[in-house]
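Fold the following, please.
(chains A and B)
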Amino acid sequence: ILNVEQSPQSLHVQEGDSTNFTCSFPSSNFYALHWYRWETAKSPEALFVMTLNGDEKKKGRISATLNTKEGYSYLYIKGSQPEDSATYLCASDTSGTYKYIFGTGTRLKVLA
Amino acid sequence: DAMVIQNPRYQVTQFGKPVTLSCSQTLNHNVMYWYQQKSSQAPKLLFHYYDKDFNNEADTPDNFQSRRPNTSFCFLDIRSPGLGDAAMYLCATSRPDGNTEAFFGQGTRLTVV
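Take a look at the predicted model:
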């Protein structure tokens, strides 16, 4: 994988459903993987910065895992709420250059 | 309080008429970035500064220039906007360490008519 890829591109879920998205990134020279949430008309906001293989991070109902050997990260949202509706972006930093290469994002819509 | 502020939020410019977008930060971060995001695409890094050191991405068109007069401010100049330059432009700041998060402004939506 040469680019950062995210799937699915968009997702509609019902309130209360749990959901997950995938971020694939180049595994060679991996340094860090970032997850951001971008709500409409707001700034993208960091959710997690992950660096270690096997890392798991959690913030409320949102959690993320990281596999640096195979180059993927999962973001999980448990019991989705309408306020979780946003675009979720992941970004890879290779070799500690602090240049973040973004995926296209997953657009989540949670229906009440 | 917003820590990275972009002005204006919306900018309409004429084809070929130079336009400047501005970004300011209160975080005192060394690194400032400009990203371009077109509809349904990934934000694309145009360039970044580490302090006064300018780093242009290889595929950033010459039409795009940047200035960073001091730590707090950074400008994106588009010398001759074309229709293809219509996009969301995001400014971000960070410490020079990929281990730490980047902070973003709300973006400037540029329309070229």
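
Pull the number of nearby residues for B:Gly16.
When neighbours are counted by other C-beta atoms under 10 Å in any protein chain shown, B:Gly16 registers 10. No exception for glycine: its C-beta is placed from N, CA and C like everyone else's.

and the most centrally placed residue in chain B, which of the three is it?
Central residue of chain B (C-alpha atoms, centre = their mean): B:Trp34, 3.0 Å from the mean position. Put simply, B:Trp34 is strand when judged by DSSP: H, G, I helix; E, B strand; the rest coil.

Report the beta-bridge partner residues of it.
Taking DSSP bridges as the rule, B:Trp34 bridges to B:Phe47, B:Cys91.

How about A:Glu5?
Here A:Glu5 sits in beta bridges with A:Ser24, going by DSSP bridges.

Contact residues of chain B facing chain A?
By C-beta under 8 Å from any C-beta of the partner chain, the residues of chain B that approach chain A are B:2, B:4, B:31, B:33, B:35, B:40-45, B:48, B:55, B:90, B:92, B:94, B:96-107.

Drop anything exposed from these.
Buried by 16 or more other C-beta atoms under 10 Å in any protein chain shown: B:4, B:31, B:33, B:35, B:42-45, B:48, B:90, B:92, B:94, B:98, B:101-107, out of the residues of chain B next to chain A.

In strands, which of the residues you listed fall?
Using DSSP state E, the members of these that fall in strands are B:4, B:31, B:33, B:35, B:44-45, B:48, B:90, B:92, B:94, B:103-104.

How about the contacts made by A:Thr22?
A:6-7, A:72-74 (C-beta atoms under 8 Å, 6 or more residues apart in numbering or on different chains).

Equivalent analysis for B:Asp97, please.
B:Asp97 neighbours (C-beta under 8 Å, 6+ apart): A:96, A:98.

Ramachandran angles for it?
Phi and psi for B:Asp97, reported as degrees, to the nearest 10, are phi -160, psi 120.

nearest to chain A, of the ones in strands among the buried ones among the residues of chain B next to chain A?
B:Phe104 (4.4 Å; C-beta to the nearest C-beta).

So what sits opposite that closest one in the bridge?
Bridge pairing for B:Phe104 - DSSP bridges - gives B:Ala92.

List the contacts of it.
B:Phe104 is in contact with A:36, A:43-45, B:4, B:90-92, counting by C-beta under 8 Å, 6+ apart.
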